Each structure stands twice: as structure tokens, then as C-alpha cells.
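In: Here you go, sequence then predicted model.
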Amino acid sequence: MEFGLMLRGQFEQGEDMKARLGELMEQVRRADMLGYASITKGSHYSAYPLQDFQQLPFLARASAEGPNLRLNAGLVLLSLHKPQDIAEQLASIDVMSGGRVIFGAGLGYREVEFKAFGTTQSERVKRFEENLEAVKRLWTEETVDMKASHFELMGAACPMKPVQRPHPPIWIGANSDPGIRRAARLGDCWYINPHNRLDTTYRQIEVYKRALDELDKPFPAELPMRREVFVAPTREEAIRICRPFLEIKYKVYHQWGQDKAMPEGDDNLGLDFEELIRDRFLLGSLDEVAEQIVGLSRGLGVNHFIMSVQWPGMPQSLVLETMHALAEEVLPKVRQGV
């Protein structure tokens, strides 16, 4: 079992982002020191009312601060981009880091992002699949000829190949059942999302397994999952402490329309907070959270567990305290129980 840390990078308007960057780099160094296996940075554009560091330059900087950490670009909103750029950017970071990149890829769901990049939601699946095919080919072939709906590669090349061969691991994020089947078909694994209720996730792991069986593909050697996690002496105290920060994030994501990308019956992030957190996040005592992670490992086959421990407004001291509590007290319990 490996454990990773999601570095949120999202802060409220008015925050000093130069100071926040310094704090995030301290989190990277601390994660490396504490033995976390990976760091993850997500991606959103036009993130108002939040401020957000962009993913790839952030990971490039972090690669020098945490020399032992895998670098998860989770997720690149692949439908928005051109494959030549993504292939060369990620190859560069893989070389710069000595082969530590994970290529997390997703569709995206926000209309403001699609319009800003000159595309539409109706085109996103086709563009995603074309882009992913092109990136793989650029990483593994000397030159590529490929005509797609929104680009054409004519003798194109990614001359500097990734260190990892044939290419960095490809984790495909998906919320919906069709997306999970797409992850089985095109990715090295399904990157289990942090937003769905756990009962939905247990149902969807069966969707994933059936899709793998139909493709005659084995269950992946690495199955990652991300969750919001917070620990305190009791569950009640954990909820009380993290609520003001976690609530800000989910109000914004509801405003952004994250719900629309989620499966029917589990597609409302605008619930009252007590209802929202039920069977969705890992909030509780050290023992309670350890038991929950062990249960997810046994029940789903998860063996790379990525924890989000910071949300808008949370002070750095509380983030570092949580990182230490998880690494020093929770994760040893999990390793004993798995």
C-alpha cells in the first residue's frame, strides 16, 4: 500500500499566493521526509472565486523539493489541450524528475473552461480519446502521422522521450459509468474519484471489473483512489475542525457544476454538510480513519491511497499537523491491517 498527498493549491481571493507557494513547498518537503509515496496536483482554469497554481509548472517546481516523490498530474484536462504540447511537457518533467511522472487524464466538466479553450462539452470525449492516442504515440514512436478532428500530426515527434518506458503510468479519472468503462479500455487504471459516495464507488468497481473482463485485461497492479481525509481525537471533533474549510470547497464545486459529472442518484454536492459528508469522506479518529482505509483496500483493491488534507482557508499549521498524524499514526496501522 502506497500513500500520497493531494496538494490543493486552491486559496481564497486576497491570499498572498507567493507566501502560499512557500507553504506548499514546505508540504512537499515534509511529505518526502515523512515517507509519502506521491504528491498530486489537480487542474482547473478560471478557478474564481478561488486562486489556483497551474499544474505542470507546479509539479516541475515540486520535483526539486521532493526528490523521492512520484508526481501525479491528476488530472490533466486532456480534452482542452493539444497532444503535442502535453506529450512534450510531461516528457520534460519525467526527464527532469528522473522518471517520476504519473499522467492522470480526465475530460473536464466546466463550461467556462471549454469556451476559454475554444471547444465544447459535446466534443470532449472524442477529443480526449484522440489526444490520448496521440500522446501515447508521440511517446513511443519516432515520428507520428495522425489526422484527428482538431489537430494534424505530420511527421511530428516528441524527440525527448520520457524516462519511464514505454511511457509514464496513465491513470484515467472518471465519475460516470461510461467514463469508468473508458478508463478500463484506454488507461493503465481507473483513478477513483473523491466525490462519489462510497456505496456508489463499490457499485462502480464492479462496472470496472466487468469492463476489464470484457476487454480480457487483468485487474491493474496499481489502483489509486483519492479521498478527503481529516483526523482528530473523535469524529465529532474532526468534523467540527475541518467543516469551515471543507464546506468552502464543496460550495464552490457545486457552483462550478461538478455534480453534473457525477452518476445519477449521487449527483448533488449542494446537500447540507452533515448529509454531504455521510459515506463520502474519511473524517474521524486515528483508529476510525485507519479502519476505513483498510476497508477500502480490502473491498475495492485500492493500493495507492491519495489524501486531500487541505481546503480553502485552512492554516498551514493544521495541514502539517494532519500530515504528521496520518504518516506517523494512521498509516502504520493501515499497513498492519492490510
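Out: Sure, I can see it.
In: ok, now which ones touch the residue nearest the centre of the chain?
Out: What sits nearest the mean C-alpha location of the chain, by CA atoms, centre = their mean, is G74, with 3.6 Å. Shown in contact with G74 (CB atoms under 8 Å, 6 or more residues apart in numbering): 6, 40-42, 102, 104, 171, 173, 191, 226, 306. Every C-beta, even on glycine, is put in place using the N, C-alpha and C of the backbone.
In: Of those residues, which is the nearest to K209?
Out: Among those, Y191 lies closest to K209 (CB to CB), at 15.7 Å.
In: Give the closest residue to the closest one in space, chain neighbours not counted.
Out: Nearest non-adjacent residue to Y191, counting by CB to CB, 6 or more residues apart in numbering: W171, 3.9 Å away.
In: now what about the helix or strand hosting the one you found, what contacts it?
Out: In this structure, W171 sits in strand 170-174 according to DSSP states H and E. If you take CB under 8 Å, 6+ apart as the criterion, strand 170-174 is touched by 72, 74-75, 102-106, 132, 136, 179-180, 182-183, 186-191, 193, 224.
In: of the contacts of G74, closest to V163?
Out: Closest to V163, out of all of the contacts of G74 and judged by CB to CB, is I102, at 12.8 Å.
In: before we move on, back to that, so which of the contacts of strand 170-174 are in helices?
Out: Of the positions in the contacts of strand 170-174, 132, 136, 179-180, 182-183, 186 sit in helices, assigned by DSSP state H.
In: Give the PyMOL command for selecting the buried subset of those.
Out: Buried residues within these, by 16 or more other CB atoms under 10 Å, are selected in PyMOL with:
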select buried, resi 132+136+179+180+182+183
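In: is it possible to export the ones in helices among the contacts of strand 170-174 to JSON lines including pLDDT?
Out: Supplementary listing: those in JSON lines, determined by pLDDT from 0 to 100:
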{"residue": "L132", "pLDDT": "98"}
{"residue": "K136", "pLDDT": "98"}
{"residue": "G179", "pLDDT": "97"}
{"residue": "I180", "pLDDT": "98"}
{"residue": "R182", "pLDDT": "98"}
{"residue": "A183", "pLDDT": "98"}
{"residue": "L186", "pLDDT": "98"}
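In: Determine which two of the ones in helices among the contacts of strand 170-174 are furthest apart.
Out: Pairwise over the ones in helices among the contacts of strand 170-174, using CB to CB, the maximum falls at K136 and I180, 19.9 Å.
In: How far away from the center of its chain is the helix or strand where D213 lies?
Out: Under the criterion of DSSP H and E, D213 resides in helix 198-214. Relative to its chain's centre, helix 198-214 lies at 19 Å (CA atoms, centre = their mean, to the nearest Å).
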